[in-house]
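Participant: Requesting a structural model of the entry that follows:
(2 chains)
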Amino acid sequence: QKEVEQNSGPLSVPEGAIASLNCTYSDRGSQSFFWYRQYSGKSPELIMFIYSNGDKEDGRFTAQLNKASQYVSLLIRDSQPSDSATYLCAALTNAGKSTFGDGTTLTVKP
Amino acid sequence: EAGVAQSPRYKIIEKRQSVAFWCNPISGHATLYWYQQILGQGPKLLIQFQNNGVVDDSQLPKDRFSAERLKGVDSTLKIQPAKLEDSAVYLCASSDDVKNIQYFGAGTRLSVL
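Facilitator: This next block holds a predicted model:
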């Protein structure tokens, strides 16, 4: 079992819809969670981070964390074709160990 | 503020040859990471430094890979000898010790023939 699991997709949504990306983690010592976006041939870039249970909103993006269920999600509202990319979920333990999932590929169709 | 610098951007070598990658992190970032990313997969942590000490190298194939960060700033990752399965993008990232947000360099795309 991978330490951080994501649905590989591809996930396809129409322009303007809500895209929902999910991530589960196995290490209960994980305390910080990050969502990165990676365009094809490019490096990952940070979208959002979340440390506390609940929701965190930043513009069109909302991250949700449920530590009891070991579940992290990212919602993208009003999806745009420019949001088409691979989304990587990463977990960081208290010991500072960093683990990435394999990513979910999102396609937003005009 | 300058980002994470990596070189070279691309490298093509034959199997059994050696190769080295260089990374200069964002100024002031104590933590430096080297990742291997194979096409279609997420970044796999090879080694993590805190200043010039190793925090985690559990997934580093130590029989062929080595890394150093002698002065706690820039770092080199070496592969010797390379195998076909080492073909991947090698990403360097750095983070501060406050928010632990990782910032990535452009990566080095390695092809082993």
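Participant: And the contacts of stretch A:23-35?
Facilitator: By Cβ atoms under 8 Å, 6 or more residues apart in numbering or on different chains, the list of residues contacting stretch A:23-35 from outside reads A:1-6, A:21, A:46-51, A:61, A:63, A:65, A:67, A:69-74, A:87-95, A:97, A:99, A:101, B:100-102. (Each C-beta comes from the backbone N, C-alpha and C, glycine too.)
Participant: What's the end-to-end length of that stretch?
Facilitator: One end of stretch A:23-35 sits 10 Å from the other (Cα to Cα, to the nearest Å).
Participant: now do stretch A:63-73
Facilitator: The first-to-last residue distance of stretch A:63-73 comes to 6 Å (Cα to Cα).
Participant: try stretch B:58-69
Facilitator: With Cα to Cα applied, stretch B:58-69 spans 17 Å between its terminal residues.
Participant: circling back to that earlier point, so which of the contacts of stretch A:23-35 are in strands?
Facilitator: With strands taken from DSSP state E, the overlap with those comprises A:4-6, A:21, A:46-50, A:61, A:63, A:65, A:71-74, A:87-93, A:99.
Participant: so which of those residues are also by chain B?
Facilitator: Among those, proximity to chain B is found for A:4, A:6, A:46, A:49, A:88, A:90, A:92, A:99 (Cβ under 8 Å from any Cβ of the partner chain).
Participant: which of the contacts of stretch A:23-35 count as buried?
Facilitator: Using 16 or more other Cβ atoms under 10 Å in any protein chain shown as the burial test, the contacts of stretch A:23-35 include A:4-6, A:21, A:46-50, A:61, A:63, A:65, A:70, A:72-74, A:87-93, A:97, A:99, A:101, B:100-102 as buried.
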